[in-house]
Every structure is written in C-alpha cells, then in structure tokens.
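Asker: Return atomic coordinates for the entry below.
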Amino acid sequence: MFTPLEQRESPEDGGADPGEGAGPSRDDSDDERDHDEATRFMILWMRYRDESGHQDQGAPSVGGQTVDMYQLYLAVQNAGGFKNCTQEDKWEDLVGELDLPADGAAALKGIYQT
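Answerer: Have a look, this model is predicted:
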C-alpha cells in the first residue's frame, strides 16, 4: 500500500501550529502549499507505480471516471486510514465524497490497496 507523505510535526514536537496566526480564510500561500503537496504526492505515486510494475495500466478509474489519487489518499486518511475504512465499511461514503459511481466502493478499495 502506498503512503508517501511524512507525518507533519505537531506543535508539541516543535512544529508550526497550522492555525497559528491564521484567520478563517485561505490565502494564496495555502493554495500554493496544497498544490505543491499534491504535486509531490503524484511524483512519488508515479515512481511507486513504475517500481511496482503498474506503469502500463493507465490511470486508475471507477466506472470510467479517473480517480484523483491525491484526493483519495486525503479522503482515506481523513476517514481514519485504510484499516478503519475497511473495518467501518466507509468505502461507499468515500465513493460519494469523491463523486464516483455509487457502485464503485470495491473498486475504490482495490485501487487504494494497489
């Protein structure tokens, strides 16, 4: 299973508090940081696919719709991780959250596992 992003340091560990000094609205630096993180994720994910022999399979899709792997990763992590999504049967919820076909829960789980 692919998990490329490191754990961020918490304020207790000496890392920056994401809410520190931030107002309720996002600014351009937040959008840029999100874009940079998504780009980094995709580079690492494509490298993983190449190294594991999946590079020739094309973009993952559910019901003909391409799956945004970064958004899938974030959604699974926000739902408690792969194990929790499986134990709590949250894959159908994730399909809805990602605007994928309703019958794609098993396919989405399989894509995430690969």
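Asker: what helices or strands is the strand or helix carrying Phe41 leaning on?
Answerer: Taking DSSP states H and E as the definition, one finds Phe41 inside helix 28-51. Contact partners of helix 28-51 among helices and strands, from 3 or more Cβ pairs under 8 Å, 6 or more residues apart in numbering; DSSP states H and E: helix 69-78. Where you see a C-beta, it was placed from the backbone N, CA and C, and this is true even at glycine.
Asker: name the helices or strands packed onto the next helix or strand after the helix it packs on?
Answerer: Sequence-wise, the next helix or strand downstream of helix 69-78 (DSSP H and E) is helix 82-87. With contacts taken as 3+ Cβ pairs under 8 Å, 6+ apart, helix 82-87 sits against helix 105-113.
Asker: Please list the outside residues in contact with the helix it packs on.
Answerer: 1, 60, 62-63, 67, 69, 72-73, 76, 82, 85-86, 91-92, 94-95, 98, 100 (Cβ atoms under 8 Å, 6 or more residues apart in numbering).
Asker: Selection in ChimeraX covering whichever of the residues you listed are buried, please.
Answerer: Command for ChimeraX that selects the buried part of the contacts of helix 105-113, burial taken from 16 or more other Cβ atoms under 10 Å:
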select :60,62,67,69,72,73,76,82,85,91,94,95,98,100
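Asker: Mind listing what's buried along the helix holding Phe41?
Answerer: Here helix 28-51 shows Ala38, Phe41, Tyr48, Arg49 as buried, counting by 16+ other Cβ under 10 Å.
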